[in-house]
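Participant: Need coordinates for the below:
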Amino acid sequence: LEVTQALGSTLDLTETLRRAARSLVRVLWADAGVAYVLEDDGERLRPVAGYHLPPSLRTRSATMPLMVRTHAFVAEACESRQAMFAEDAPVDPRLDPVLIEVWQFRSVLFVPVFARGRLVGGLFAGWGASRPSLTSEELPLIEGIGRQAGIAVQNAALFAESEQRRRGAETLAELDAVLARALDSDIVADGIVRGTRSLLDSRFAAVYRLDPGSGDLVSLAVDGDGHGDAATVLPRGSGICGVAVEQRDVIVSADILSDARIALSPALRERVADGGYPAMLAAPLRVGERVVGALCIGDHRGRVFTP
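Facilitator: Sure thing, here's the model as predicted:
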């Protein structure tokens with residue numbers, strides 16, 4: 001009942017998973033716990049919250065996603081839809097040695113979290129000293145926490161979708177008002193990037209105008225994280241925007257740093273890497289049949305844009 005109340009009293013996804021990790025740690029008297037959410041690509045579990053993690057471990061864990069299919073311990077739990085426990089983690093071949101070295105736990109537990117039959121996240125608990133195998137009394141508690149976490153994640157996701165639709169409607173209305181009043185191209189461009197970034201909940205957005213003489217793309221407005229890393233001029237055909245302009249179509253890339261279709265100069269590659277938004281979508285801007293520029297949206301690795 002306490003777990004149900006704790007998880008049901010918030011609709012924030014990160015806080016929901018943090019509370020689930022806290023419940024798992026408390027019930028099993030573990031030393032610490034980490035909550036993960038499945039990335040949009042369905043391949044990686046990204047850490048989003050921890051409980052009783054020391055600052056140094058919190059920092060290092062935050063940069064270590066779990067690969068669902070290649071991490072044997074995690075894959076076994078997800079495929080069987082059951083919690084996996086390792087009493088002696090350092091010698092268990094199913095566990096990633098790098099992860100064990102970072103965590104420095106002797107015993108570990110992973111609980112996959114499902115919502116509507118689909119994997120949505122996972123919970124890790126760890127013990128500094130070896131603990132015995134899970135008891136018949138503990139297993140139902142663990143399954144219950146995983147089940148309640150799945151319901152709470154589903155509710156949080158539905159709420160987030162509803163909020164995104166509401167914000168999207170508000171953003172479109174505000175953008176319509178800005179564009180209707182504005183005569184200055186800079187004001188229009190600024191309204192486009194702010195509205196688009198808010199609408200798509202992305203980390204970065206930029207608008208470029210096409211220079212008809214050179215074919216280069218010249219920045220008009222940028223908004224979001226790492227906007228100082230955005231290129232002011234993209235040479236003709238370079239970057240994802242250059243491809244969108246040349247093909248006169250929307251271009252989507254899960255990671256432009258490894259996408260063979262997209263030409264990146266060393267400087268542009270460095271900007272994207274430093275900005276932390278390699279997942280991108282670019283669309284040509286048109287006036288009639290004439291391409292006059294491009295819009296670019298960027299987000300963290302793992303974000304999947306759809307054209």
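
Participant: How many residues are close by Ala260?
Facilitator: Here the number of neighbours of Ala260 (other C-beta atoms under 10 Å) works out to 5. C-beta here means a position set from N, CA and C on the backbone, and glycine is covered the same way.

Participant: quick one: it is in a strand?
Facilitator: No - per DSSP: H, G, I helix; E, B strand; the rest coil, Ala260 lies outside any strand segment and is coil.

Participant: for the residue of the chain positioned farthest from its centre, helix, strand, or coil?
Facilitator: Note on the chain: the largest separation between a C-alpha and the mean C-alpha position, by C-alpha atoms, centre = their mean, falls on Gly213 (39.0 Å). When states are read from three-state DSSP, the local structure at Gly213 comes out as coil.

Participant: Residue ranges in this structure under the pLDDT threshold?
Facilitator: Counting by pLDDT under 70, the low-confidence segments of the chain come to 1-11, 56, 58-59, 61-63, 156-188, 226-231, 307.

Participant: just the helices in it please.
Facilitator: Along the chain, the stretches classed as helices by DSSP state H are 2-8, 13-28, 55-61, 72-80, 97-103, 138-181, 185-200, 239-247, 266-275.

Participant: Measure how far stretch 246-263 is from the centre of its chain, please.
Facilitator: Taking the mean C-alpha point of stretch 246-263 and that of its whole chain, the gap between them comes to 20 Å (C-alpha atoms, centre = their mean, to the nearest Å).

Participant: Then stretch 40-50?
Facilitator: With C-alpha atoms, centre = their mean as the basis, stretch 40-50 stands 7 Å off its chain's centre.

Participant: Return the set of buried residues in that stretch.
Facilitator: By neighbour count with 16 or more other C-beta atoms under 10 Å, stretch 40-50 contains the buried residues 40, 44-50.

Participant: Run through who's touching it.
Facilitator: 13-15, 17-18, 21, 32-39, 57-58, 61-62, 64-69, 74, 119, 121-122, 254, 302-304 (C-beta atoms under 8 Å, 6 or more residues apart in numbering).

Participant: hang on, isn't Leu217 packed against Ala294?
Facilitator: Yes - contact criterion C-beta atoms under 8 Å: Leu217 and Ala294 qualify, at 5.8 Å.

Participant: Arg46 and Asp40, how far apart?
Facilitator: Taking C-beta to C-beta, to the nearest Å as the measure, Arg46 falls 10 Å from Asp40.

Participant: Then Val272?
Facilitator: Between Val272 and Asp40 the distance, using C-beta to C-beta, works out to 19 Å.

Participant: got it, and Ser133?
Facilitator: The gap separating Ser133 from Asp40 is 35 Å, by C-beta to C-beta.

Participant: just Ala89 next, same as before
Facilitator: 29 Å.

Participant: neighbours around Val113, how many?
Facilitator: The number of residues packed around Val113, counting by other C-beta under 10 Å, is 28.

Participant: Gly215 too?
Facilitator: If we define neighbours as other C-beta under 10 Å, then Gly215 has 14 of them.
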